[in-house]
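Asker: sequence plus the predicted model coming up.
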Amino acid sequence: MAPSFNLFLMVLLTCALHTNGCYTSIISFGDSLADTGNAKQLAIFENVELHFMFFPYGETYFHNPTGRCSNGRLIVDFVAESLGLPFIPPYVGGDGNAIDFGQGLNYAVASATALEASFHEARGYSVPTNASLRVQLEWFKQSLSSMCATLSATNKTT
């Protein structure tokens, strides 16, 4: 029994080591659990102040508010760190340079819903943002050609 368990463990560790080096970027969608600053940027554009734009948000790790709905890092930050990748920049307000695309983009927005705001409003619920999953996927489609061009150029130089 012990030899087969050791063999299984060795195969599992070998797979884990090989998969760790495969990822070069992260594309993230979601709500406040993954938002690294999109809601903050949207609020700035709309001249609105949100509670997570001020202390104590961000004080534990970043030492200033970053637009994350946390006083430190988010799950997506820990995932990036465990894969040896830099933190993922927010899509909204980014300058769209090659460095941003090379490390991935985060389309998540705090308070985002999977369904459209109109669906919720028709049922009497107010939605704080219109950045539903469909909107995030549209942003992704808009940036996909630039992202692919950046990655293609990067692959040609390596």
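Answerer: Yep, it's here.
Asker: do I have it right that Gly58 meets Cys69?
Answerer: No. Gly58 lies out of contact with Cys69 (C-beta atoms under 8 Å); the separation is 10.0 Å. For glycine as for every other residue, the C-beta is placed from the backbone atoms N, C-alpha and C.
Asker: which residues touch the closest residue to Pro56 other than its chain neighbours?
Answerer: Of all residues not flanking Pro56 in the chain, Asn71 sits nearest, at 5.2 Å (C-beta to C-beta, 6 or more residues apart in numbering). Residues near Asn71 by C-beta atoms under 8 Å, 6 or more residues apart in numbering: 56-61.
Asker: tell me the one of those nearest Ser143?
Answerer: Gly58 (25.6 Å; C-beta to C-beta).
Asker: where in the protein is pLDDT low?
Answerer: Residues of the chain meeting the criterion pLDDT under 70: 1-21, 94-101, 149-158.
Asker: what ranges do the helices span in it?
Answerer: 2-20, 38-45, 75-82, 98-102, 117-122, 133-157 (DSSP state H).
Asker: contacts for the third one?
Answerer: In other words, helix 75-82. 26, 28, 33-34, 36, 73, 86-88, 106, 108.
Asker: let's see that with 7 Å instead.
Answerer: For helix 75-82, the surrounding residues in contact (C-beta atoms under 7 Å, 6 or more residues apart in numbering) are 26, 28, 33-34, 36, 86-88, 106.
Asker: swap in the second one?
Answerer: Contacts of helix 38-45 from elsewhere in the structure, counted by C-beta under 7 Å, 6+ apart, are 49-50, 53, 67, 90-93, 106-111, 129, 131.
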